[in-house]
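> Give me a model of this one.
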Amino acid sequence: MKKLIILLFFAILGLSSCKKDVTTTTTSTADEKARDYLYDVMNQYYFWYNLMPVVVKTDYATPYTLLDAMEYKTLDKWSFIQTYDEYVAENEGSFVGHGISMGLDSSNKAVRIAQIYTLSPLYKVGVRRGWIVKKINGTDPVPIFVARDETEYNTLIGASSTDVTNTFLFQTPAGKDSTITSTKASFTLNTVILADTLHLKSGITGHLVFDQFISISDEELQTAFTYFNQNNIKDLIVDLRYNGGGDLSVLTNMASYVAGSAKAGTTFLKLTYNDKNSAYNSTYYFKSVSSPLSIKNLVVITTRGTASASEDFINGLKPSFADMKTIGDTTNGKPVGMVGFVYPTDVPAYLFWPITFSMVNSADKGGFYAGFAPDKYAIDDITRDWKDRKEACLKEAIYYLENGNVSAKGLYVNNHPTIMFSEKPKKNNNAYILKK
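Model prediction:
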């Protein structure tokens with residue numbers, strides 16, 4: 001609770017004045033009171049407040065319907081509402097499920113494990129990225145993925161509950177069928193999926209696969225970068241292909257490890273609020289961290305699922321790494337962020353997350369609503385595990401580091417994103433959690 005109060009302190013103070021105009025009667029429902037609070041938030045703090053549709057708040061029964069009506073939909077794809085309990089669980093990495101993301105591979109004929117968490121039930125019995133999912137409870141999942149039918153997928157896989165059991169028929173990389181019955185479990189997910197080193201012709205290279213920026217990430221990142229430092233890496237590959245964003249302070253810490261000690265105290269990112277809240281405009285600086293790197297080359301692997309804080313990792317480090325390369329696919333395109341507003345303040349029930357600020361790097365570059373196109377397109381090769389040097393994106397990253405340029409093959413071929421369904425809560429994606 002103390003952490004959340006610190007996180008939302010300025011938002012609560014800022015609303016103390018605008019709430020004076022709201023008349024609340026004893027007959028108002030809880031949803032109506034929350035709706036009225038959100039209405040004030042949007043008019044005071046929403047980044048595009050002057051471009052919002054004009055609405056009558058009493059036409060909407062809940063804050064959810066009001067937010068949908070007030071959003072500036074030309075640009076805003078991200079504002080959302082969650083319960084307080086959802087926020088706490090997600091920020092602490094709490095999770096109920098099998099711990100997997102599944103995707104349709106480029107052949108469109110097989111669904112495979114695209115990502116799996118280390119403490120998940122299926123990981124413990126040997127399941128890894130690249131395994132084919134032939135059946136789930138006797139059903140072939142391929143038609144569901146081809147149709148992008150999320151409703152049918154959710155029905156098939158069941159609720160996020162520890163009493164849900166599914167039977168999977170897998171095909172292993174060795175071509176053998178393996179039937180595994182798994183019950184969903186509660187566990188803490190790991191955000192560092194992999195931290196290892198690659199011994200290349202160009203030297204020792206760090207290889208980091210990172211899932212999302214949440215509070216538990218700081219300790220994992222410290223361990224990873226201590227390991228990289230101990231191994232005297234020369235270059236670094238950061239895989240952010242499924243990283244939808246998260247906590248701005250965690251992002252700053254991670255970028256500080258990569259930028260190195262020489263950048264400590266210099267500008268990383270600059271935040272700009274709407275003209276009603278320009279007093280909150282602020283700058284985030286690279287920090288002094290325990291194991292800063294000293295690397296020559298940085299390569300980032302991206303997909304259309306690379307969003308928000310992940311994109312600002314790229315944008316914020318561009319002035320420090322003029323030759324930074326990106327491999328994979330065009331990123332999501334979210335150069336803006338949000339501050340969370342708690343309601344009510346005494347016994348929190350909701351967190352409202354409207355877009356409240358834009359972000360630029362030290363060179364004042366931002367506004368990347370079209371996303372960052374890669375220097376080299378490569379498929380998200382879910383047929384192979386993370387360490388496999390034949391995996392398409394990793395292979396291209398290695399090629400660049402060893403040859404000084406990206407390969408010519410398929411250089412301008414547009415990529416088709418992997419159709420994926422994930423157990424990771426979607427509301428964690430594309431959200432900056434701004435700690436004041």
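> Could you use CA atoms for every contact and neighbour count after this?
Noted.
> What is the neighbour count of residue 75?
11 (other C-alpha atoms under 10 Å).
> Just say helix, strand or coil for residue 39.
Classification of residue 39 by DSSP: H, G, I helix; E, B strand; the rest coil places it in helix.
> Apart from its neighbours in sequence, what residue is nearest it?
residue 57 (7.0 Å; C-alpha to C-alpha, 6 or more residues apart in numbering).
> Relative to residue 32, how far out is that neighbour?
Per C-alpha to C-alpha, to the nearest Å, residue 57 is found 9 Å from residue 32.
> Next up, the contacts around residue 212.
191, 243, 244, 245, 246 (C-alpha atoms under 8 Å, 6 or more residues apart in numbering).
> Would you quantify the distance from it to residue 276?
Using C-alpha to C-alpha, one obtains 31 Å as the distance from residue 212 to residue 276.
> do residue 239 as well
Counting by C-alpha to C-alpha, the gap from residue 239 to residue 276 is 38 Å.
> cool, residue 193 as well?
In terms of C-alpha to C-alpha, residue 193 sits 41 Å off from residue 276.
> Compare the two (neighbour count), which wins?
Between residue 193 and residue 276, counted using other C-alpha under 10 Å, the more crowded position is residue 193 (18 against 13).
> So the more buried one is in contact with residue 220, correct?
No: Residue 193 is beyond contact range of residue 220, at 9.7 Å (criterion: C-alpha atoms under 8 Å).
> Overlap in contacts, these two.
By C-alpha under 8 Å, 6+ apart, no residue touches both residue 193 and residue 220.
> Check the offset of stretch 300-309 from the chain's centre.
How far stretch 300-309 lies from its chain's middle: 8 Å, per C-alpha atoms, centre = their mean, to the nearest Å.
> Residues contacting it, please?
With C-alpha under 8 Å, 6+ apart, stretch 300-309 has contacts from 213, 237-248, 251, 314, 324-337, 374, 380, 393-394, 397, 417, 429-432.
> okay, now the closest residue to residue 79 other than its chain neighbours: neighbour count?
Closest residue to residue 79 apart from its sequence neighbours, by C-alpha to C-alpha, 6+ apart: residue 354 at 4.5 Å. Other residues lying near residue 354 total 26 when counted by other C-alpha under 10 Å.
> got it, and residue 201?
Residue 201 is flanked by 11 other residues according to other C-alpha under 10 Å.
> distance of it from residue 316?
Applying C-alpha to C-alpha, the value for residue 201 to residue 316 is 29 Å.
> ok, now residue 287?
13 Å.
> More neighbours: which of the two?
Neighbour totals were compared for residue 287 and residue 316, and residue 316 leads with 29 against 22 (other C-alpha under 10 Å).
> Got the phi and psi for that one?
Note on residue 316: backbone dihedrals following degrees, to the nearest 10 are phi -70, psi -30.
> Domain map for the protein?
Using automatic domain parsing, the domain parsing of the chain gives 1-93+189-436, 95-188.
> Same list (the ones you listed) but as a markdown table, adding mean pLDDT.
Formatted as a markdown table, the domains of the chain follow (pLDDT from 0 to 100):
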| stretch | mean pLDDT |
| --- | --- |
| domain 1-93+189-436 | 88 |
| domain 95-188 | 96 |
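> can you map out the helices along the stretch 151-300 of the chain?
According to DSSP state H, counting those that start in this stretch, the stretch 151-300 of the chain carries its helices in the segments 217-230, 248-259.
> wait, what's in contact with the residue nearest to residue 79?
Residue 354 makes contacts with 42, 45, 46, 78, 79, 80, 338, 339, 340, as judged by C-alpha under 8 Å, 6+ apart.
> Hmm, the fifth one is touching residue 351, no?
Read it as residue 79. No: Residue 79 is beyond contact range of residue 351, at 11.1 Å (criterion: C-alpha under 8 Å).
> Residue 134: what secondary structure?
Under three-state DSSP, residue 134 falls in the strand class.
> And stretch 262-269, end to end?
End-to-end distance of stretch 262-269 (C-alpha to C-alpha): 16 Å.
> on that earlier part again, can you tell me which of the contacts of residue 354 lies nearest to residue 53?
residue 42 (11.2 Å; C-alpha to C-alpha).
> Now for that closest one, how many residues are close by?
So residue 42, with other C-alpha under 10 Å, has 21 neighbours.
> can I assume it is in contact with residue 49?
Yes: under the criterion of C-alpha under 8 Å, residue 42 makes contact with residue 49 at 6.5 Å.
> before we move on, back to that, save the helices of the stretch 151-300 of the chain as a markdown table, and put in mean neighbour count and distance to residue 358 too.
Below are those laid out as a markdown table (neighbours: other C-alpha atoms under 10 Å; distance: least, C-alpha to C-alpha, whole Å):
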| stretch | mean neighbour count | distance to residue 358 |
| --- | --- | --- |
| helix 217-230 | 18 | 24 |
| helix 248-259 | 22 | 13 |
